[in-house]
Structures are given as structure tokens and as C-alpha cells.
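> Sequence first, then the predicted structure:
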Amino acid sequence: MESRSDPWGRRRFLAKVTIALNALLGAVVAVPAVGYLLSPLRRRREARRFVRLARLNDLADGEPRKFAVVGPEVDAWTRAPDRRLGAVWLVRRGDGVVAYTATCPHLGCSVDYRAEACRFACPCHASFFAIDGRRLAGPSPRGMDALDARETDGWVEVRFERFRQGTPTKIKVGL
Amino acid sequence: MQIVTGVLLMTVYSPSAQTAWASVYYIDHRLTLGWLVRGLHHYGSQAMIVTVALHLVQVTTYGAHRAPREFNYWVGLALLGLVMGFGLTGYLLPWDQKGYWATRVATNIAGTVPLVGGAVQRLMVGGAEYGHLTLTRFYALHVAVLPASVALLVVAHIYLFRRHHVTPPAHADLSRKGLFYPDQALRDSVAIALAVGVCFALAFYTHGASLDAPADPSSDYPARPEWYFLFLFQLLK
């Protein structure tokens, strides 16, 4: 047992109290800081509604056409009624239509269509996709991401969604 | 605490007249414990003013403002001015009624300086009208110019303090020598814990710092500064 005259016992005790007090002070700031910084992980995005893109009769059978998707967007503290959200490829198949997001499933570049080769191509990292969205070649881990599409009163409507890049399976982002 | 909470606020705050208020609202109401982070920053700034003022009282009571420490005393006074500058610039940043109108008054005071007042005011405001450029200027001062100036002066303050040592209280027994660690470090830690504890309690009790309605130049708002500028406010009457 340390005597009162032993300065090292007293110093050790005071040092431990100092460290404990400073750890507590650090926690006062660190706990809210962690919650604050991790907030984006808790946030959920609203489910997208269908957006009207084109008249079905304006689409030629089997000939992909690209359309900009314009719709309402809430971006943290701003809200815009008609912001450009992305782009979609529409491919008419008889009386129906298939929609693919123009975002490459590899790393998110915008996918082009090469009419001479009848295939989609990503200009960034040379991924190629068939007209039905299948992956043909390149680093993309999956085919093009199909979107929900429907025809209403002669108009093609699409539910524009975002999906994670770089994964072999299609996973929605933010839902 | 001010640096950590300030950097956290910087990750979200958007310094423009159209987005500043909404981004602060977002911090208070949408981010996990955002109200606490902003509250700690707000009350921490008040604690800085109180602490610096108490330090000034201690310095003059102990006679530490006299030679050979007079230059360090001036450095300390400059630091007090910079700390108040943090309060002045930070007050505007939420772009709410309180900050907007108080800043209008403050910049108009600067505008009354003979000869150069008009130019000084335009430089502070970023033009003739209060808007984006006023906010970006105050923001740059608040997060870059003032912190860098404080850091430089604190280095000078500590250097001069170590050169001239502590001013002992009258009738102190100079034969006794104390240790900084852990004796003085514990005293400092207790004092800091008290200050942080008060800030935390106030932030918790008031649920963070207040945020008035968005700035409205057409409204009728009685401009009031923070309590540490009330002496200037009274002089204006």
C-alpha cells in the first residue's frame, strides 16, 4: 500500500483521473459527431414515380432512342420540380417497350448506342451490351439495368431508379 | 470542441443566400444529433468569450500586463478581438432574421467611419447589397482567416509566456515547484470539463442554438447583437 508521502502513488492517481476526464470530454464531442457523420446511412429516398417520356408511336420498332428523365428531386435542403435526373434508353418491341437506364452498371458512365453494330457501348471502359441489355463483353459485372415501363394513353412512362454499380446483381440505391 | 463541431458543420452548411438557412435547418432537424453539434458550437463560442474575458481579468489582477510581459498582453488583447470576430462573422451565417439584421447594423457602423467607411462597408458586404457575397466573405473569414490568425497569435502567446514565465501571485512561496503533469493538467482538465459541461447542459436544455425565420429584408425586425456586443448596441442609442 502506498503511503501519503509517496508522491508517485498520488501522481499516478491524478494522471488516471486526468486521462479519464479528458476521455469523457472527447466523448461529449465524439458521440454527436459519429451520429452526425453517419446520418446519410440512415436516410431513405422516396420511391420514384412513373415519368412520362415519349409517345409509343414516335418509337421505331427495334431502334433504341435515348430520353432525358426530368422530374421532381429533393436534394438535401433544396427541392426542384423539374430537374434532369438521368437518361433512359427505350427500345420498342411491337406494341410494348423496354426501358434501360443509360447508366453503365460497371462504374456509372453513360452508355451509348452503336447503330452500325446494333449494340450498346460504354465509352469509358469498353463494356458492350446487346440490344436486349445482355452483357456481351467488357468489365461490366451485369447487363444493362431494366426499368419498370408501361404504356398509358399512348405514352411511354418509366419509373427511373438508380442501382449500385460494380455488383453482379441489381441492387436499388437508397431504398 | 469549436474546431471539431465547426468542421462537422462545414460538411453540411451551404454559404449562399438561397441555401444557408435551409442547410442550417437541415442540420438542426434532419441530421442525427445535428442540433447538439450546432448547439455545442454556439455555446462553445460564448464560453470562449467568457474564458478569454476571465483570463484578461486574471492577467490584470496579477499584474501580468506589466513589463516584461506587456507585448504578450497586447497579443492577448488581439486574440480577444479575434474571438469576438468569430462571434460577429458566425452570427450571420445561418442567414436568419437575427443574424441578417445584426450584420446590417454592424456593417453600417463600419460604414460610418470617416473617409474610408463607405469603401470598408462595401468590402465587408461584397458590394452594395447584402447577399451571396456577404455570406461567402463572412464564411471565409470565419473558417479560414480568423482561425489562421488565432493559431499564429496563440503560438506567439505561448512562446512569450514560456520566455517570461508565469507571473506569480503576490506573496507566493517561490521556493516551491509544481509539476505540470499531472497536477496542473488535472486543474486545467477540471476547468475545461466545467466549461464543456455548461455548454453541453445549455445545448441540451435549449435543444441547440436558435434559428429565426429566414432573412427577410422587407420585414420589420428589431436588430439585437449577441450579449457580448450589447455595450456597442447601447452606445448607438
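Received the coordinates, thanks.
> What ranges does chain A have for its strands?
With DSSP state E, the ranges of strands along chain A come out as A:50-55, A:65-75, A:78-93, A:96-101, A:112-114, A:119-121, A:128-129, A:135-137, A:146-152, A:155-159.
> I'd like to know which of those lies nearest to residue B:24.
Distance to residue B:24, taken as Cβ to Cβ, is lowest for strand A:78-93 among the strands of chain A, at 13.5 Å. Using the backbone N, CA and C atoms, a C-beta is placed for each residue, glycine as well.
> buried set for the closest one?
Within strand A:78-93, the residues scored as buried using 16 or more other Cβ atoms under 10 Å in any protein chain shown are A:85, A:87-92.
> how far is the helix or strand harbouring residue B:186 from where the chain is centred?
In the assignment (DSSP states H and E), residue B:186 maps to helix B:185-205. In terms of Cα atoms, centre = their mean, to the nearest Å, the centre of helix B:185-205 is found 17 Å from the chain centre.
> ok, residue B:11 touching residue A:40?
No. If you go by Cβ atoms under 8 Å, residue B:11 and residue A:40 don't touch, sitting 10.4 Å apart.
> okay if I get the buried residues of strand A:78-93 as CSV plus pLDDT and distance to chain B?
Shown next, in CSV, are the buried residues of strand A:78-93 (pLDDT from 0 to 100; distance: Cβ to the nearest Cβ, whole Å):
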residue, pLDDT, distance to chain B
A:85, 91, 20
A:87, 96, 27
A:88, 96, 29
A:89, 97, 34
A:90, 97, 35
A:91, 97, 40
A:92, 96, 42
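> What residues does chain B have near chain A?
B:1, B:4-5, B:8, B:11-12, B:14, B:19, B:22-23, B:25-26, B:30-34, B:36-37, B:40, B:179, B:181-183, B:185-186, B:189-190, B:192-193, B:196, B:200 (Cβ under 8 Å from any Cβ of the partner chain).
> Output the set of residues of chain A in proximity to chain B.
Counting by Cβ under 8 Å from any Cβ, chain A comes close to chain B at A:11, A:14-15, A:17-18, A:21-22, A:24-25, A:28-29, A:31-33, A:35-39, A:42, A:76-78.
> next structured bit after the helix holding residue B:186?
Following helix B:185-205 in sequence order, the next helix or strand is helix B:230-235 (DSSP H and E).
> Against which helices or strands is that next one packed?
Contact partners of helix B:230-235 among helices and strands, from 3 or more Cβ pairs under 8 Å, 6 or more residues apart in numbering or on different chains; DSSP states H and E: none.
> Check the model's average confidence along the lengthiest helix in chain B for me.
Counting by DSSP state H, the longest helix found in chain B is helix B:34-62. Averaging pLDDT along helix B:34-62 gives 95.
> for chain A, what are the low-confidence residue spans?
For chain A, applying pLDDT under 70 flags the ranges A:1-8, A:174-175.
> for the closest residue in space to residue A:67 that isn't next to it in sequence, what are its contacts?
What sits nearest to residue A:67 in space, not counting adjacent residues and going by Cβ to Cβ, 6 or more residues apart in numbering or on different chains, is residue A:53, at 4.5 Å. Applying Cβ atoms under 8 Å, 6 or more residues apart in numbering or on different chains to residue A:53 gives the contacts A:67, A:69, A:88, A:90, A:99, A:155-158.
> Go through those and say which is closest to residue B:78.
residue A:69 (56.1 Å).
> Surely that closest one touches residue A:156?
No. With contact defined as Cβ under 8 Å, residue A:69 does not count as touching residue A:156 (11.7 Å).
> who has more neighbours, the two?
residue A:156 (25 against 20; other Cβ atoms under 10 Å in any protein chain shown).
> Show me what the more buried one bridges to in the sheet.
Listed by DSSP bridges, the beta-bridge partners for residue A:156 are residue A:54, residue A:151.
> Any regions of chain B where pLDDT drops low?
Those would be none, if you go by pLDDT under 70 across chain B.
> Give me the buried entries from the residues of chain B next to chain A.
Buried among the residues of chain B next to chain A (16+ other Cβ under 10 Å): B:1, B:4-5, B:8, B:12, B:14, B:19, B:22-23, B:25-26, B:31-34, B:36-37, B:40, B:182, B:185-186, B:189, B:192-193, B:196, B:200.
> Could you measure from the nearest residue to residue B:2 once chain neighbours are set aside over to residue B:205?
In space, and not counting its chain neighbours, residue B:2 is closest to residue B:44: 4.9 Å by Cβ to Cβ, 6+ apart. Residue B:44 sits 15 Å away from residue B:205, going by Cβ to Cβ, to the nearest Å.
> And for residue A:100?
Applying Cβ to Cβ, the value for residue A:100 to residue B:205 is 55 Å.
> and what of residue B:162?
Plainly put, residue B:162 is 39 Å away from residue B:205 if you go by Cβ to Cβ.
> Could you do residue B:6 as well?
For residue B:6 relative to residue B:205 (Cβ to Cβ), the value is 22 Å.
> More neighbours: which of these two?
Neighbour tally, residue B:6 and residue B:205, criterion other Cβ under 10 Å: the higher count belongs to residue B:6, 19 against 8.
> Okay, and the more buried one sits in which element?
Using DSSP H and E, residue B:6 falls in helix B:2-10.
> the inter-axis angle of the next helix or strand after that helix versus strand A:78-93?
Using DSSP H and E, the helix or strand that follows helix B:2-10 in sequence is helix B:20-29. Between helix B:20-29 and strand A:78-93, the angle formed by their directions is 90 degrees, by axes from the mean of the first three to the mean of the last three Cα atoms, to 10 degrees.
> neighbouring contacts of helix B:20-29?
In this structure, residues lying in contact with helix B:20-29 by Cβ under 8 Å, 6+ apart are A:76-78, B:9, B:12-14, B:34-35, B:37-38, B:93-96, B:135, B:208, B:211, B:214-215.
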